[in-house]
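Asker: have a look; sequence and predicted model below, questions after that.
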Amino acid sequence: MGWLKTVGDELLGMFVDDVDFAGPILIWVVVAALVLPRLGLPGAVPAVVLFAGMLAILVAGAVRKARK
């Protein structure tokens with residue numbers, strides 16, 4: 001069964017280099033896709049909110065990596 005975990009890790013590693021970075025991005029995109037349209041925000045505000053969330057995730061990831 002150890003080989004199954006190794007195969008799974010290798011497959012995931014082919015597509016995702018940093019799970020600690022990709023996870024929050026995926027979660028933010030799903031949350032934004034579900035919540036932002038229901039808020040009825042005008043114009044480009046949902047895009048700005050999505051961008052701000054992505055920027056916050058990027059900065060947090062960079063700070064976390066810099067501390068290591």
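Answerer: Perfect, thanks for sending it. Residues are numbered from 1 along each chain as shown.

Asker: only C-alpha atoms from now on, for both contacts and neighbour counts.
Answerer: Noted.

Asker: against A32, how distant is A52?
Answerer: 11 Å (CA to CA, to the nearest Å).

Asker: okay, those two: which has more neighbours?
Answerer: Between A52 and A32, counting by other CA atoms under 10 Å, A32 is the more crowded of the two (17 against 12).

Asker: element containing the more buried one?
Answerer: Secondary structure from DSSP states H and E places A32 in helix 19-39.

Asker: give me the buried positions along the helix or strand just after that helix.
Answerer: Remark: after helix 19-39, the chain's next helix or strand is helix 45-67, criterion DSSP H and E. Residues of helix 45-67 classed as buried by neighbour count (16 or more other CA atoms under 10 Å): 46, 50, 53-54, 57, 61.

Asker: for those residues, which one is nearest D18?
Answerer: G61 (10.0 Å; CA to CA).

Asker: against G2, how distant is the spatially most central residue of the chain?
Answerer: By CA atoms, centre = their mean, the chain has its centre lying nearest to I25, at 0.9 Å. Distance from I25 to G2, counting by CA to CA: 29 Å.

Asker: try A22
Answerer: 25 Å.

Asker: neighbour count winner among these two?
Answerer: The neighbour comparison of A22 against G2 (other CA under 10 Å) goes to A22, with 14 against 6.

Asker: just the C-alphas of the worst-scoring helix or strand of the chain on mean pLDDT, formatted as CSV.
Answerer: Taking mean pLDDT, DSSP states H and E as the measure, helix 2-15 is the helix or strand of the chain with the lowest mean score, a mean of 83. Taking C-alpha atoms only, helix 2-15 is exported to CSV below (Å, rounded to 0.1, in the frame of the first residue of the first chain):
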residue,chain,number,x,y,z
GLY,A,2,3.0,2.3,0.4
TRP,A,3,3.5,2.2,-3.4
LEU,A,4,-0.1,3.6,-3.9
LYS,A,5,0.7,6.7,-1.8
THR,A,6,3.9,7.1,-3.7
VAL,A,7,2.1,6.9,-7.0
GLY,A,8,-0.6,9.4,-5.8
ASP,A,9,2.1,11.8,-4.6
GLU,A,10,3.9,11.6,-7.9
LEU,A,11,0.7,12.2,-9.9
LEU,A,12,-0.2,15.2,-7.7
GLY,A,13,3.3,16.5,-8.0
MET,A,14,3.0,16.5,-11.8
PHE,A,15,0.3,19.1,-11.6
